[in-house]
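Q: pasting a predicted model and its sequence here:
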Amino acid sequence: MAATWKFESQRKEIAPVYTVDKKNTFRGAPTLTLSGGGKEYADGHWYKIVEVEAEKYFLFRSYFNASNLDEPNRSVLARIIWLNESNKQVGFTEYPVTLAEKTKEDLNIIEKLYKVPAETKRAKLEFH
């Protein structure tokens, strides 16, 4: 599953340290990591583009662990960008929320159910 994700940052100079962690797994699968690497200004994200059906419902759910952050709710976020057949954005960018409860493994949960906008063919899922 982690192999289907890609990393991107606006510029190499501000990119965080990113890895696919095969030692710390989630339900037997490797996990994706991001670390500031000592930079307060680090900015980048993992992303994946998935097929979706227009006007159907799409459940976004992800799990994460955060440490050494002053404000985790402002530093860790997910984003959904809806795309049409030509890969142009349609609808509004969505920001699923971090739930108050955690998993039994003490992981944070980002989750929200969305109705996919009309004319949407794909969703770009991002983890910042």
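A: Ah, there it is.

Q: shaky segments in this structure?
A: For the chain, the stretches with pLDDT under 70 are 1-2.

Q: next, count neighbours for H45.
A: 21 (other CB atoms under 10 Å). For the C-beta atoms, the positions are set from N, CA and C on the backbone; glycine is no exception.

Q: partners of it in the sheet?
A: E8 (DSSP bridges).

Q: what do you get for W82?
A: Beta-bridge partners of W82, as defined by DSSP bridges: A123.

Q: who's in contact with it?
A: Each residue near W82 by CB atoms under 8 Å, 6 or more residues apart in numbering is listed here: V52, Q89, V90, G91, F92, E94, V116, P117, T120, R122, A123.

Q: need the residues you listed in TSV (columns: secondary structure).
A: Shown next, in TSV, are the contacts of W82 (DSSP: H, G, I helix; E, B strand; the rest coil):
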residue	secondary structure
V52	coil
Q89	strand
V90	coil
G91	coil
F92	coil
E94	strand
V116	coil
P117	coil
T120	coil
R122	strand
A123	strand
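
Q: write the PyMOL selection for whichever of the residues you listed are buried.
A: Buried members of these, defined by 16 or more other CB atoms under 10 Å, are picked up in PyMOL with:
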select buried, resi 52+90+91+94+116+117+120+122+123
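
Q: ok, of the contacts of W82, which one's closest to K23?
A: A123 (29.8 Å; CB to CB).

Q: strands paired with the top strand by length along the chain, and their directions?
A: For the chain, the strand with the greatest residue count under DSSP state E is strand 17-26. Partner strands and pairing direction for strand 17-26 (DSSP bridges) are strand 29-35 (antiparallel).

Q: hmm, who's touching the strand it pairs with?
A: Against strand 29-35 from outside (CB under 8 Å, 6+ apart): 1-2, 5, 16-22, 24-25, 42, 44-46, 127-128.

Q: just the buried subset of those residues, please.
A: A2, W5, P16, Y18, A42, G44, H45, W46, F127.

Q: these two touch, right, the fourth one and F7?
A: So the one you mean is Y18. Yes: the pair Y18 / F7 is scored as a contact, 4.8 Å apart, by CB atoms under 8 Å.
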